[in-house]
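> Predicted model and sequence follow; I will ask about them next.
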Amino acid sequence: MADPRVSVVSTPQATVWCRGGVLSWRDGLGRRVQILAEEIEAAVDLLLKQAVQQTVPT
């Protein structure tokens with residue numbers, strides 16, 4: 001049975017978990033990123049930057 005206190009969203013660049021009011025995911029280097037869910041705009045900004053970095057050829 002699914003835990004109603006946990007939410008998850010998956011994209012090609014990241015899987016974002018929300019548990020206990022904290023958003024968490026792994027960045028492109030595999031480092032854990034955590035940010036308060038109340039700061040959703042900052043989290044979206046970080047995720048968008050991560051998506052761009054992972055799609056731009058180096």
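Perfect, I can see it now. Numbers count the residues shown, from 1 in each chain.
> can you give me the strands in this structure?
6-10, 15-19, 22-26, 32-36 (DSSP state E).
> Would you reformat those strands as a markdown table and include distance to residue 50 and mean neighbour count?
(Glycine included, C-beta is placed from N, CA and C.) Below are the strands of the chain laid out as a markdown table (distance: least, CB to CB, whole Å; neighbours: other CB atoms under 10 Å):
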| stretch | distance to residue 50 | mean neighbour count |
| --- | --- | --- |
| strand 6-10 | 14 | 11 |
| strand 15-19 | 11 | 15 |
| strand 22-26 | 8 | 18 |
| strand 32-36 | 8 | 13 |
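> Redo these as TSV? Include mean pLDDT and distance to residue 52.
Below are the strands of the chain laid out as TSV (pLDDT from 0 to 100; distance: least, CB to CB, whole Å):
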stretch	mean pLDDT	distance to residue 52
strand 6-10	92	18
strand 15-19	95	16
strand 22-26	95	15
strand 32-36	96	15
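> and these as JSON lines, adding distance to residue 43?
Compiled in JSON lines, the strands of the chain are given as follows (distance: least, CB to CB, whole Å):
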{"stretch": "strand 6-10", "distance to residue 43": "11"}
{"stretch": "strand 15-19", "distance to residue 43": "8"}
{"stretch": "strand 22-26", "distance to residue 43": "5"}
{"stretch": "strand 32-36", "distance to residue 43": "5"}
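> Please name whichever of these is nearest to residue 54.
strand 22-26 (11.5 Å; CB to CB).
> Kindly export that closest one (C-alpha atoms) in CSV.
Extracted in CSV, the C-alpha atoms of strand 22-26 (Å, rounded to 0.1, in the frame of the first residue of the first chain):
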residue,chain,number,x,y,z
VAL,A,22,11.3,18.3,2.3
LEU,A,23,11.9,17.9,-1.5
SER,A,24,14.9,15.7,-2.3
TRP,A,25,16.6,14.3,-5.5
ARG,A,26,20.0,13.5,-6.9
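> So what are the sheet partners of it and their directions?
strand 15-19 (antiparallel), strand 32-36 (antiparallel) (DSSP bridges).
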